[in-house]
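S.K.: What follows is a predicted protein model with its sequence.
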Protein chains: 2
Amino acid sequence: MHQVVANTDILEANERMAGRNREHFKERGVYVVNLMSAPGAGKTSVLEETIRRLKNDYSLGVIEGDLMTTIDADRISALGIPAYQITTGMVCHLDARMVHNALHSFKVDALDLLFIENVGNLVCPAEFYMGEDLRVMVYSVVEGADKPKKYPIMFHESEAVLLNKIDLMPYAGISMDELCRNVLEVSPETVIFPISCRTGEGVEEWINWLKQRIASSRAEERSG
Amino acid sequence: MHQVVANTDILEANERMAGRNREHFKERGVYVVNLMSAPGAGKTSVLEETIRRLKNDYSLGVIEGDLMTTIDADRISALGIPAYQITTGMVCHLDARMVHNALHSFKVDALDLLFIENVGNLVCPAEFYMGEDLRVMVYSVVEGADKPKKYPIMFHESEAVLLNKIDLMPYAGISMDELCRNVLEVSPETVIFPISCRTGEGVEEWINWLKQRIASSRAEERSG
């Protein structure tokens, strides 16, 4: 954020556009997950592991956010899942308008579940709602135990935090207890899943929780 | 960056203020290093290791940038080095005005060498010049070999890249060759130092290079 005064207008306009996206998703019965993290925490690896475990039961799609390349969208497409790449240029986060514009080309009508992988950044993505149902943060344990205190907003804004790369824990000199304590200090309601995309450890727990969230959302819609 | 049009004005105003900072530093003979990285790559650890090796030969100071906490400034102060914390709130990078304002309180007249530790972010800090002599990037090898392609501007803007956490290399499944190739592809002039702040490996090479850069700058000033 460059200027707080200008920013309020930008965020309000973003909220309005996000509301329109949300209507678009709801009308089509698409459950939308916004996946956020610092660069290199493993968002795309989490997506790959998640897609492998869900693709027989759900119709999936992915919108990828990146500054320049289509590396991540190519990885998703390689799994046979439709993927749309938004390249943001110099912009350090996705916003509701970018997603709105993507929806002109990327049809989500047939999807059960849409993942939006945000630009790797622990600051600005947390402020830009895009109309999603769920916000999930991926955090590499190697980044240290103090980061929840230093970047509290994203932790606070995320309903689940996947603590990734726990296979490196024994070598990284990081305390899982301290890390979890710091997450819960800034965000007591956040659900924590320690996982490793390399070994698969913990991934099933995350998948089961996500499935429950999707089922609850569908049940609510039917009763509403 | 939220809006490219507004951004041009912001960047131009920033350049002007950075020019004033630069004059301020030059008049006082202070060499200034801007240290940038993603969250958790190890900027503060690099600073600690660097300070330990330089503090007998140089008068040092540190300006710390962080969203909320004074954790990093406290770590630097614990080494007996004057440190000033800029807390940016929601702002994802330092800029020239923040540094200018800090200089009202934080006197650099007696310093040989000032480090400015930027907010952890691989995007926006690269665009905001603050009047520094040298830009150095810290990159955690655990973040993967593809990131130079995905965040090319910061790699391109950095004269040196410290590839940190190489002690985790054997466990992280990352190829050092591929990583270095990708760095040099987006920034052929960048000097690469593989280091580990935990084991000390490679740190002396970085220190010797930095000392040479400072000496060259002083020689230029005397001859100029």
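M.R.: Sure, I can see it.

S.K.: Straight-line length of stretch A:193-203, end to end?
M.R.: 8 Å (CA to CA, to the nearest Å).

S.K.: Can you give me the buried ones in it?
M.R.: Buried residues in stretch A:193-203, counted by 16 or more other CB atoms under 10 Å in any protein chain shown: A:193-198, A:202-203. All C-beta atoms are positioned from the backbone trio N, CA, C, and that covers glycine.

S.K.: So what touches that stretch?
M.R.: A:42, A:45-46, A:48-50, A:53, A:141, A:160-167, A:176, A:205-206, A:209, B:173 (CB atoms under 8 Å, 6 or more residues apart in numbering or on different chains).

S.K.: Could you do stretch A:77-92 as well?
M.R.: When contacts are defined by CB under 8 Å, 6+ apart, stretch A:77-92 is touched by residues A:48, A:51-52, A:55, A:60-70, A:72-74, A:76, A:94, A:98-99, A:102, A:105-106, A:119, A:121, A:123-125, B:1-2, B:4, B:7, B:92, B:121, B:123-124, B:127, B:153.

S.K.: Among these, which lie within strands?
M.R.: A:60-66 (DSSP state E).

S.K.: Would you list the buried entries among the contacts of stretch A:193-203?
M.R.: Among these, those classed as buried by 16+ other CB under 10 Å are A:42, A:45-46, A:48-50, A:53, A:141, A:160-167, A:206.

S.K.: near chain B too, which of these?
M.R.: Restricting these to those touching chain B (CB under 8 Å from any CB of the partner chain) yields A:165, A:167.

S.K.: Which secondary structure state does the residue lying closest to residue A:197 once chain neighbours are set aside sit in?
M.R.: The shortest distance from residue A:197 to any non-neighbouring residue, by CB to CB, 6 or more residues apart in numbering or on different chains, is to residue A:45 (4.0 Å). Using DSSP: H, G, I helix; E, B strand; the rest coil, the structure places residue A:45 in helix.

S.K.: So residue A:45 sits against residue A:165, correct?
M.R.: No: here residue A:45 does not reach residue A:165: they are 9.2 Å apart, not a contact under CB atoms under 8 Å.

S.K.: separation between the residue nearest to the spatial centre of chain A and chain B?
M.R.: Centroid-nearest residue in chain A: residue A:35, 0.8 Å away (criterion: CA atoms, centre = their mean). Residue A:35 sits 15 Å away from chain B, going by CB to the nearest CB, to the nearest Å.

S.K.: can you check residue A:219 too?
M.R.: 36 Å.

S.K.: repeat for residue A:77
M.R.: Applying CB to the nearest CB to residue A:77 and chain B gives a distance of 16 Å.

S.K.: Residue A:83 versus that residue, what's the distance?
M.R.: Residue A:77 is 5 Å from residue A:83, where distance means CB to CB, to the nearest Å.

S.K.: Between the two, tell me which one has more neighbours.
M.R.: Using other CB atoms under 10 Å in any protein chain shown as the criterion, residue A:77 and residue A:83 rank with residue A:83 on top: 23 against 16.

S.K.: Identify the bridge partners of the more buried one.
M.R.: With DSSP bridges applied, residue A:83 shows beta-bridge pairing to residue A:62.

S.K.: what about stretch A:138-158, start to end distance?
M.R.: End-to-end distance (CA to CA), stretch A:138-158: 10 Å.

S.K.: do stretch A:35-51 as well
M.R.: In stretch A:35-51, first residue to last residue: 13 Å (CA to CA).

S.K.: So which of the contacts of stretch A:193-203 are in helices?
M.R.: Applying DSSP state H to the contacts of stretch A:193-203, the entries found in helices are A:45-46, A:48-50, A:53, A:176, A:205-206, A:209.

S.K.: Pipe these into TSV and attach pLDDT and distance to residue A:110 per row.
M.R.: Output for the ones in helices among the contacts of stretch A:193-203, formatted as TSV (pLDDT from 0 to 100; distance: CB to CB, whole Å):
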residue	pLDDT	distance to residue A:110
A:45	97	26
A:46	98	23
A:48	98	21
A:49	98	23
A:50	98	19
A:53	98	20
A:176	96	40
A:205	98	29
A:206	98	25
A:209	98	25
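
S.K.: Pick the one among the residues you listed closest to chain B.
M.R.: When the ones in helices among the contacts of stretch A:193-203 are ranked by distance to chain B (CB to the nearest CB), residue A:45 comes first, at 9.1 Å.

S.K.: Can you give me the distance of that closest one to residue B:144?
M.R.: Residue A:45 sits 9 Å away from residue B:144, going by CB to CB.

S.K.: One more: residue A:99?
M.R.: From residue A:99 across to residue B:144, the span is 25 Å (CB to CB).

S.K.: pLDDT at the closest residue to residue A:123 other than its chain neighbours, what is it?
M.R.: Once flanking residues are discounted, residue A:123 sits nearest to residue B:92: 3.8 Å by CB to CB, 6+ apart. Per-residue pLDDT puts residue B:92 at 95.
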